[in-house]
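Undergrad: When you get a sec, could you give me coordinates for this:
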Amino acid sequence: ARPLTHVLFALPAIAPIIIMMFIQDNPLYVWSASGVVIYMFISFTFSFNMHRVINNSLELKYQNIDLVADLQKQTHAANKANIDKSRFLASASHDLRQPLQAVNLFVETLEQKITTKEQKTDLIHIRQGLDSLAELFNALLDIAQIDSNTLTINKTNFSLEHLMSNGLSNIQFKQAKNIYT
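TA: Coordinates of the predicted model:
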């Protein structure tokens, strides 16, 4: 509406002057009137372009405001999902530990009843599997606590050689040590 207002104001104000200049018999007035017509054309074009630029700028501003609001909603939803995930992990690992403890008790009871060497070997394998499962649940609970910021992390120095030697045979450890050193 602004460019139209500019045209509706400027044209009636300048048109009589332009007409009077063209009617004059002097070429200087005709050239001046032509200059004023060219100036008015440039002025109207500039007015239309500025109006378009301002409208586009306002439109982009409101689109950006909407995008920021959507981003805030999505960030809030993602944070809530992360918190829910951490709660689920903590709950699941705790709930899964209880049956594991019960199975450990049954294994201890069974251990007292076993008489043959083959049965004892099988029981050792069962115990190792249960210990591994308990370690996995402990790790799952630790991850859930780290995610929910309820676990205090104490940084300490430790011997990598001691840590690695517990899980690997000496030959495997020396090979691994040679690779990484």
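
Undergrad: need the contact list for the most centrally placed residue in the chain.
TA: Nearest to the geometric centre of the chain sits T75, at 7.3 Å (C-alpha atoms, centre = their mean). Listed by C-beta atoms under 8 Å, 6 or more residues apart in numbering, T75 has no contact partners. For the C-beta atoms, the positions are set from N, CA and C on the backbone; glycine is no exception.

Undergrad: Can you tell me the element it falls in?
TA: Using DSSP states H and E, the element containing T75 is helix 27-113.

Undergrad: what's the following helix or strand after that helix?
TA: helix 117-147.

Undergrad: Run through the neighbouring helices and strands of that next one.
TA: Using 3 or more C-beta pairs under 8 Å, 6 or more residues apart in numbering; DSSP states H and E, the elements in contact with helix 117-147 are helix 27-113.

Undergrad: V37 contacts M21, correct?
TA: No: counting by C-beta atoms under 8 Å, V37 does not reach M21; the two are 9.5 Å apart.

Undergrad: More neighbours: which of these two?
TA: M21 (19 against 15; other C-beta atoms under 10 Å).

Undergrad: SS state for that one?
TA: With DSSP: H, G, I helix; E, B strand; the rest coil as the basis, M21 sits in helix.

Undergrad: Neighbours of the nearest residue to it once chain neighbours are set aside, how many?
TA: Counting by C-beta to C-beta, 6 or more residues apart in numbering, M21 lies nearest to A33, which is 3.5 Å off, once chain neighbours are set aside. As a burial measure, A33 scores 19 neighbours (other C-beta under 10 Å).

Undergrad: next one: I23
TA: 10.

Undergrad: ok, now how distant is it from N157?
TA: For I23, the distance to N157 (C-beta to C-beta, to the nearest Å) stands at 100 Å.

Undergrad: Low-confidence stretches in the chain?
TA: 1, 93-94, 148, 150-151, 163-181 (pLDDT under 70).

Undergrad: what's the distance between K120 and E111?
TA: In this view, K120 and E111 are 8 Å apart by C-beta to C-beta.

Undergrad: More neighbours: which of those two?
TA: More neighbours surround E111 than the other of K120 and E111, with 14 against 11 (other C-beta under 10 Å).

Undergrad: Now that the more buried one has come up, it's in contact with L123, right?
TA: Yes: in this structure E111 lies within contact range of L123 using C-beta under 8 Å: 5.8 Å.

Undergrad: on that earlier part again, could I get the contacting residues of the residue nearest to M21?
TA: So A33 contacts 17-18, 21-22 (C-beta under 8 Å, 6+ apart).

Undergrad: And it, how far from M40?
TA: A33 is 11 Å from M40, by C-beta to C-beta.

Undergrad: do Q112 as well
TA: 108 Å.
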